[in-house]
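**Student:** Here is my input; please provide its structure:
(chains A and B)
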There are 2 protein chains.
Amino acid sequence: MKVKNISFRTIWPTADNTAVEIIDQTKLPHIFTTLRLDTMRDAERAIREMQVRGAPLIGVTAAYGVALAMRDHASDAALAATCSVLLASRPTAVNLRWGVEKMRDFLAPLAESERAVAAWQEAARIADEDVAINAAIGKYGCDIIRAIHQKKGGMVNILTHCNAGWLATVDWGTALAPVYTAFDAGIPLHVWVDETRPRNQGASLTAWELGQHGVPHTVIADNTGGHLMQHGMVDMAIVGCDRVTARGDVCNKIGTYLKALAAHDNGVPFYVALPTPTIDWTLRDGVKEIPIEERAAEEVTHIAGLCDDGQVRTVRLTPQGSRAANYGFDVTPARLVTGLITERGVVKAEAGAMWVLQ
Amino acid sequence: MKVKNISFRTIWPTADNTAVEIIDQTKLPHIFTTLRLDTMRDAERAIREMQVRGAPLIGVTAAYGVALAMRDHASDAALAATCSVLLASRPTAVNLRWGVEKMRDFLAPLAESERAVAAWQEAARIADEDVAINAAIGKYGCDIIRAIHQKKGGMVNILTHCNAGWLATVDWGTALAPVYTAFDAGIPLHVWVDETRPRNQGASLTAWELGQHGVPHTVIADNTGGHLMQHGMVDMAIVGCDRVTARGDVCNKIGTYLKALAAHDNGVPFYVALPTPTIDWTLRDGVKEIPIEERAAEEVTHIAGLCDDGQVRTVRLTPQGSRAANYGFDVTPARLVTGLITERGVVKAEAGAMWVLQ
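**Tutor:** Below you'll find the predicted structure:
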């Protein structure tokens, strides 16, 4: 997608193929800057410090991390050490494990001398595969947006929560892929962006990437979506997800469930966009079976933003002595989900419809 | 309620009865400081600059504003001018009009020479009346909390949204009156405090006043309540309100509707606490009939907090160029409300039950 009218991915090899570059997402939305990753340690740090984030992008960065390591040391021992260093960078990220293990399984059978070149090509292939998956999600989701536009005959208002945009992937995004595809196709649309406390990925990342690409959007407090839906100001909701069960329960950023309830109460279609590997076929009841990560209280008690003096500063919001709790995700029961938008088409969120994706 | 172990109201006459004092609520939760209001203009400024806020407290401050004015000028013309200055301080505040008009109607028939003394007494009476109403709400609400405690046999977890605590009234609060009454009675309880974006009255005011009084509480992002309710971590919700229709639709701080939906979806009792004058008997369908105030976008795009250097600073959260929308309130349909806790008892949120309050 575009930044200042130039097409970017979130990660790309340098022109001379000696390193990869990324957008430093910890600086957004206030400062746009890119970083060069020369070594596996650079990639590991970028993941750990969340300069890259979003499940698909973490996976691809890890794959490039393995590729960077192979240039210096390509022995079996080096491969094993590389994988364990990278896996420890964000212990709970499923795609990190996926990206690292995919590289390991691909490289292990190869001769040491072949590994460096092959690893670089494989990392690039994994990145391209992510883009292709998201482009397909975009196409299927765009059909839904177009149908709403044709039925309604005007601007389509889409609500989204958190950031499941191109910044979370290599390009296009998951929840935002349909938005970009429809926007590029000239369908008039506007996005309501939940700021998504406590980490504010909506206000800082989704608003930024939509703005850079020129997509009309409005940031709202997370409290606002229900009111908008009551008054016919939302035509559909699209969110991403971290995990979906075999019967269609959706684990996503905390607060998704509340928006799904409001959508259901007001007859607003509520879609979840995902690559099919996000489905965990071993789980059924998401509320009972998916453990919810508790994160640092400081994400609730403090917030960072841009001061008048141009410095990004962190301020405390709560009184001294008040405890805070920070649950990172919630589970939206399948009954509240209108459909799952995948790279293989749109399916109902129920076991009987989902099995074709297995 | 208590601040640093000393009992406070939010507004009180000085010992020599020459002025009133207030808590400067714009400085909370980081700085506790009181302000002296010597003149009607001081009272007007305190309301306009939101050093006092909360419907009942605004009404009482306005009443004291009239009383302060009568000391200097007690003519009919001065009374009329005073009332119009105060009414303009927060144009949409219903209780402001109520407080000012109550004073005007009380003072108009009196001789000029009697007005100063009578006005002071009447303002004090209005303040005491607010305290009595809230104490009664506290008693009825405490009965509900006690019943849950007895049934459950342990800690009662109560979720609240925004600030309908003693800081919004003269003492006790509306939604928090039952909490304080139950806490003072020794019932074990814990409050989940929605931070309540965009103005964060939960994180800054509710957390502060609960903490000062010693009530166990935890601040959460507004996105969190649904998850907590899904996991049995909320036994009841109590919120305040700005307006209730004759059939029980509740207009309250934006986001209340989302919590009510989650409570309903999980069988959690959802109560609204209010003095009966909050009921607008001329309205029925709240979603259709109550206009929702749109406030400044800066409340969404910027936030103030305490910096490491001890200064309270405002930081920008959103990217340059991203629009924000700020709807102040939403309407919770009566079907989602378990009961209305009033100073005259607890009633169902439906026309047939509410008429006894008329």
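**Student:** Make sure A:His161 is actually in contact with A:Lys259.
**Tutor:** Yes. Counting by C-beta atoms under 8 Å, A:Lys259 is a contact partner of A:His161 at 5.8 Å. The way it works is simple: take the backbone N, C-alpha and C, and place the C-beta from them, glycine included.
**Student:** Now list whatever residues contact both of the two.
**Tutor:** Shared contacts of A:His161 and A:Lys259 (C-beta atoms under 8 Å, 6 or more residues apart in numbering or on different chains): A:194, A:237, A:239.
**Student:** In the sheet, which residues pair with the first one? Tell me.
**Tutor:** Yep, that's A:Asp194 we're talking about. Going by DSSP bridges, A:Asp194 is paired in beta bridges with A:Ile220.
**Student:** Up against chain B, what does the stretch 151-300 of chain A have?
**Tutor:** When proximity is defined as C-beta under 8 Å from any C-beta of the partner chain, the stretch 151-300 of chain A approaches chain B at A:193, A:195-198, A:200, A:203-204, A:207-208, A:210-211, A:217-228, A:230-231, A:253-255, A:257-259, A:261-262, A:265, A:287, A:292, A:300.
**Student:** distance of A:Gln320 from chain B?
**Tutor:** According to C-beta to the nearest C-beta, to the nearest Å, A:Gln320 stands 8 Å off from chain B.
**Student:** Count residues in the vicinity of that residue, would you?
**Tutor:** For A:Gln320, the count of nearby residues is 11 (other C-beta atoms under 10 Å in any protein chain shown).
**Student:** which ones are touching it?
**Tutor:** A:Gln320 neighbours (C-beta under 8 Å, 6+ apart): B:Pro29.
**Student:** For my notes, confirm it occurs in a helix.
**Tutor:** No. A:Gln320 sits outside any helix when classified using DSSP: H, G, I helix; E, B strand; the rest coil, being coil.
**Student:** ok, now how distant is it from A:Thr26?
**Tutor:** Remark: distance between A:Gln320 and A:Thr26 (C-beta to C-beta, to the nearest Å) = 27 Å.
**Student:** Just the buried residues of stretch A:348-358, please?
**Tutor:** In terms of neighbour count (16 or more other C-beta atoms under 10 Å in any protein chain shown), stretch A:348-358 has its buried residues at A:349, A:354, A:357.
**Student:** is it true that the second one touches A:Ile279?
**Tutor:** Which is A:Met354. Yes. A:Met354 is within contact range of A:Ile279, at 7.0 Å (criterion: C-beta under 8 Å).
**Student:** joint contacts of the two?
**Tutor:** With C-beta under 8 Å, 6+ apart as the test, A:Met354 and A:Ile279 both reach A:Ala246.
**Student:** quick one on the thing from earlier: and the shared contacts of A:His161 and A:Lys259, which are buried?
**Tutor:** Among the shared contacts of A:His161 and A:Lys259, those scoring as buried are A:194, A:237, A:239 (criterion: 16+ other C-beta under 10 Å).
**Student:** next one: phi and psi at A:Val312?
**Tutor:** Taking degrees, to the nearest 10, you get phi -90, psi 120 for the backbone angles of A:Val312.
**Student:** Tell me what it is bridged to.
**Tutor:** With DSSP bridges as the rule, A:Val312 is bridged to A:Leu306.
**Student:** tell me, how many neighbours does it end up with?
**Tutor:** Other residues near A:Val312 number 14, with proximity taken as other C-beta under 10 Å.
**Student:** Equivalent analysis for A:Gly267, please.
**Tutor:** 8.
**Student:** how far away is it from A:Met236?
**Tutor:** Taking C-beta to C-beta, one finds A:Gly267 at 11 Å from A:Met236.
**Student:** What are the buried residues along stretch A:20-40?
**Tutor:** A:20-26, A:28-30, A:35, A:37, A:40.
**Student:** That stretch - what's its average pLDDT?
**Tutor:** What stretch A:20-40 shows for mean pLDDT is 97.
**Student:** So what's the gap between it and the chain middle?
**Tutor:** 16 Å (C-alpha atoms, centre = their mean, to the nearest Å).
**Student:** Good, we can wrap up now.
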